[in-house]
Structures are given as C-alpha cells and as structure tokens.
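Enquirer: Fold the following for me, if possible:
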Amino acid sequence: MVLVYFTDVELLNSKTVCRLVFPLLPDARTDIYAVGVLLNVMLTGKHPTEIFARGHAGCVVKKCTSLNPDDRYQSAEILKKAL
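Expert: Purely as a prediction, here's the structure:
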C-alpha cells in the first residue's frame, strides 16, 4: 500500500497524483518474483540470494527473481508453461 500525503488541495486534484502513485503499485511481475523465491526455498531450503536450485527449475527461478522486472516472466500463464 502506498500512502501519499498532500497539503495543497490543487495538487491533490491534479493528474500529478496518478503519475506519483500508480507507478509505485505492484504488478504481476512482483508476484512472479515471490513465486520464484518460494519455489527456490521449496527446492533448496534457501533464499535465491544464497543458492539457486539446479537444472531447469533453477533457470526458472533465476528468470523469476531477476532484479529487472522486464526480464521476468510477464504473466503467471507464461511461468506456468515454463514450469
């Protein structure tokens, strides 16, 4: 959840609010990252920053947990097909 405080009523009513708040909201790729972390912990018992799973599952985890959201799977459907 994002909290934004405004003291200027004119600013609050402007389109600036949309530009400030909405880019900060999580999208599906945030959930993809979380699934990658969970999958890695299930397979190795460790967070991906410590060790990656091996084999194909490790490749999937690496793509899911990429620091750049554009490099992650773009939807759960695509991730499902990769698994």
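Enquirer: ends of stretch 61-81, how far apart?
Expert: Using CA to CA, to the nearest Å, the end-to-end distance of stretch 61-81 comes out at 14 Å.
Enquirer: Next: stretch 70-83.
Expert: Length of stretch 70-83, first residue to last, CA to CA: 19 Å.
Enquirer: cool, stretch 44-56 as well?
Expert: Stretch 44-56 stretches 14 Å from its first residue to its last (CA to CA).
Enquirer: now swap in stretch 44-54 and tell me
Expert: 9 Å.
Enquirer: start the count at 35, not 1, going forward
Expert: Will do, 35 is the new start, and the previous item becomes stretch 78-88.
Enquirer: Average pLDDT for that stretch, rounded please.
Expert: Mean per-residue pLDDT for stretch 78-88: 95.
Enquirer: quick one: the strands in this protein?
Expert: In the chain, no strands are defined using DSSP state E.
Enquirer: And the contacts of the longest helix seen in the chain?
Expert: Secondary structure of the chain per DSSP state H: the longest helix is helix 62-78. Outside helix 62-78, the residues that touch it by CB atoms under 8 Å, 6 or more residues apart in numbering are 80-82, 85-87, 91-92, 94-99, 103, 106-110, 113. Just so you know, the C-beta spots here come from the backbone N, C-alpha and C atoms, and that holds for glycine as well.
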